[in-house]
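S.K.: Quick one: sequence plus predicted model below, questions after.
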Amino acid sequence: MEIKKWVEYGIIPYEALLLADPNISEIKRYFYQSDVFLIEEEEYTVGVVCIQNKEDCSEIVNIAVLAEYQGLGYGKQLLDYAISHVKQLRSKNLIVKTANSSIQALAFYQKAGFRMVEIVPDYFTTSYSESIWENGILAQDQIILQLSWME
């Protein structure tokens, strides 16, 4: 297993990115504005994390692991790497946004110490042209979670 930074002109891991965000035009919008890290197994990309950095806060805009590699710790390794990267940049907070229907993601982030700080009602029903269903639940509200640390 190796985590490495995506290099310009490298293959964009759409297969993984689309697992976390079904909107390809949105992915194309934020991908090139992000620090992108790939987790590879024998030179095969099995996961990706995209991080956008601002002055006092960074945001994970996409994190995903291919289905056949989920549950093996790759997502946790990507998240830990993202947290380390953001701390090195001297950012004070890291946020991530997900849907009310993303039960596994909500648990995943909270286990890593993230706390829910905001709910954006009807975000997914107004921002996406097609309904998104996960775990038998309609994605309606956006949940914003934040991890903060002391320097």
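M.R.: Everything's here; your move.

S.K.: what's the first-to-last distance across stretch 11-23?
M.R.: 18 Å (Cα to Cα, to the nearest Å).

S.K.: typo on my end, it should be stretch 89-108
M.R.: 23 Å.

S.K.: tell me the secondary structure for Ala82?
M.R.: helix (DSSP: H, G, I helix; E, B strand; the rest coil).

S.K.: Distance of the closest residue to it other than its chain neighbours relative to Glu26?
M.R.: Among residues not flanking Ala82 along the chain, Val49 sits closest, at 5.0 Å (Cβ to Cβ, 6 or more residues apart in numbering). Where you see a C-beta, it was placed from the backbone N, CA and C, and this is true even at glycine. As judged by Cβ to Cβ, to the nearest Å, Val49 and Glu26 stand 16 Å apart.

S.K.: So which of those two has more stuff around it?
M.R.: Val49 (27 against 15; other Cβ atoms under 10 Å).

S.K.: Could you pull up phi and psi at the residue lying closest to Ile12 once chain neighbours are set aside?
M.R.: In space, and not counting its chain neighbours, Ile12 is closest to Phe31: 6.5 Å by Cβ to Cβ, 6+ apart. Backbone geometry at Phe31, expressed as degrees, to the nearest 10, gives phi -60, psi -50.
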